[in-house]
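Colleague: Generate a structure from the sequence data that follows.
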Amino acid sequence: MATLLPARGHEPQCAESVWLAPNATVVGEVTLGEHSTVWFSAVVRGDVAPIQVGERVNIQDGAVIHGTFNQSHTVLEDDVSVGHNAIVHGAHVQQGALIGMGSVVMDHVVVGAYAVVAAGAVVLAGTQIGEGELWAGVPAKCRGQVSEELRAHLSSTSARYVEYAGWFQDDQA
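Modeller: Numbering: from 1, shown residues only. So this is what the prediction gives:
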């Protein structure tokens with residue numbers, strides 16, 4: 001069973017349709033929207049700053065979502081995908097964006113709608129990523145626009161993760 005812990009007087013708020021892996025951890029001032037999923041060994045830690053997660057967001061295995069006390073909070077808008085072992089720390093990730101596996105997105109970053117942060121990228125604090133941009137590297141730099149093919153793939157990713165969560169719910173019935 002997932003770990004849900006209060007912190008500083010705040011309890012995590014999860015919509016009824018949220019799916020949490022048995023070893024996911026959600027702490028403090030966290031709101032998880034409808035059909036969002038938090039996968040194996042992922043941590044959503046709203047102990048020092050609020051975290052707002054929209055609908056159909058998938059926070060994949062080993063990812064860490066956090067913020068900085070009295071400085072930054074984290075917002076993941078609808079249909080965002082946070083890849084395996086990624087870190088999103090005090091950033092605002094807009095609708096449909098993808099944070100790639102093993103990437104790091106730091107405080108006060110804004111990731112535009114349907115943008116992609118490539119696997120392994122490090123997005124430095126305060127960076128502004130425009131809608132549909134592809135960022136890669138260490139430190140991350142804009143490498144162009146997301147292709148129409150990739151944008152279509154992004155649009156279907158959140159729905160696929162809702163489906164995947166259903167596989168586990170069906171097995172528990």
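
Colleague: For the longest strand seen in the chain, list every residue counted as buried.
Modeller: If you go by DSSP state E, the chain has its longest strand at strand 43-53. Within strand 43-53, the residues scored as buried using 16 or more other C-beta atoms under 10 Å are 43-49, 51-53. C-beta coordinates here come from the backbone N, C-alpha and C atoms, glycine included.

Colleague: Direction included, what does that strand pair up with?
Modeller: Its sheet considered, strand 43-53 pairs with strand 25-32 (parallel), strand 64-66 (parallel), strand 74-76 (parallel) by DSSP bridges.

Colleague: can you list the ones you listed in TSV and add distance to Gly102?
Modeller: Shown next, in TSV, are the strands paired with strand 43-53 (distance: least, C-beta to C-beta, whole Å):
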stretch	distance to Gly102
strand 25-32	19
strand 64-66	11
strand 74-76	17
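
Colleague: Of the ones you listed, which stretch is the most buried?
Modeller: Ranked by mean neighbour count, the strands paired with strand 43-53 are led by strand 74-76 with a mean of 24 (mean count of other C-beta atoms under 10 Å).

Colleague: And the pLDDT for Thr74?
Modeller: Listed pLDDT for Thr74 reads 98.

Colleague: What of Ala115?
Modeller: Per the predicted model, pLDDT is 98 at Ala115.

Colleague: Check Ser155 too.
Modeller: 83.

Colleague: if we can go back for a sec, which strands border the next helix or strand along the chain from the longest strand of the chain, and is each parallel or antiparallel?
Modeller: Downstream of strand 43-53, the next assigned helix or strand under DSSP states H and E is strand 58-59. Next to strand 58-59 in the sheet, as set by DSSP bridges, lie strand 37-38 (parallel), strand 81-82 (parallel).
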